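>>> Here is my input, please return the structure:
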Amino acid sequence: MTEFFNNLNLINSLSENAQSDLITKLKRAEYQKGEILIKELSKCDHLFFIEKGLARARYFKDGRDITDWFAGEGSVIGPIIRHLPIKIGTHDVELLEDTSVITIHFQDLQELYDKHHEIERLGRIIAIQAVFLLQQKIDSIQFFTAKQRYNEFVKANPTLLQRVSLGHIASYLGMNQVTLSRIRKK
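Numbering: from 1, shown residues only. Below you'll find the predicted structure:
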């Protein structure tokens, strides 16, 4: 739990009292590679913090498996908007490695928001960071060439190249695997 609180405190400092109350609501769980952590992301009622491992959000469209994002150690996973479909098709979260998580139910989190302003602020900052990442992805697809998207991905995520299949990376970058292979060859 030390690493968990270190990561949270980098985002927003939490008092000992807030940390104490938070720890009573947290659960730790272990999952294996290939498991579906979240079956329907928009209806998920928990937040997950990845201690160790790797996940990806995906959806299926026209028979294709499309990767929406990756989440590694230190990432928070959960719906930005709950109980509303965000896109046509349902996102799920698949684990790409054996993964350990810390999880909290939204109802427990809401109680902590009501009791501790600093936890509520932490939640708001995490939500803003998620929106910022989504905006970066939209900008990348709209304004960058395939090669620029790949180069930015490598710069921002150097370790993912060894941890994620090229098919998932190509899908995430909005290109097919043949295009990605050509870019990597150059």
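>>> What are the buried residues along the lowest-mean-pLDDT helix or strand in the chain?
Sorting the helices and strands of the chain by mean pLDDT, DSSP states H and E puts helix 2-11 at the bottom, at a mean of 89. For helix 2-11, burial by neighbour count (16 or more other CB atoms under 10 Å) applies to 4, 8. C-beta coordinates here come from the backbone N, C-alpha and C atoms, glycine included.
>>> After that helix, which helix or strand is next?
Downstream of helix 2-11, the next assigned helix or strand under DSSP states H and E is helix 16-25.
>>> Which parts of this structure are strands?
Assigned by DSSP state E, the chain shows strands spanning 27-31, 36-38, 46-52, 55-61, 64-71, 76-77, 92-95, 99-105.
>>> where does this protein have low pLDDT?
Low-confidence segments of the chain, defined by pLDDT under 70: 80-89.
>>> buried residues in the longest helix anywhere in it?
If you go by DSSP state H, the chain has its longest helix at helix 117-143. Neighbour-count burial for helix 117-143, counted by 16+ other CB under 10 Å, picks out 118-120, 122-123, 126, 130, 137, 140.
>>> of all the strands of the chain, which lies closest to residue 156?
Nearest of the strands of the chain to residue 156, taken as CB to CB: strand 64-71 at 10.5 Å.
>>> Would you indicate which residues of that closest one are buried?
Within strand 64-71, the residues that qualify as buried are 66-71, counting by 16+ other CB under 10 Å.
>>> distance between it and the chain's centre?
Centroid separation for strand 64-71 versus its chain: 10 Å, with CA atoms, centre = their mean, to the nearest Å.
>>> strand partners of it, parallel vs antiparallel please.
Paired strands of strand 64-71, with direction, are strand 55-61 (antiparallel) (DSSP bridges).
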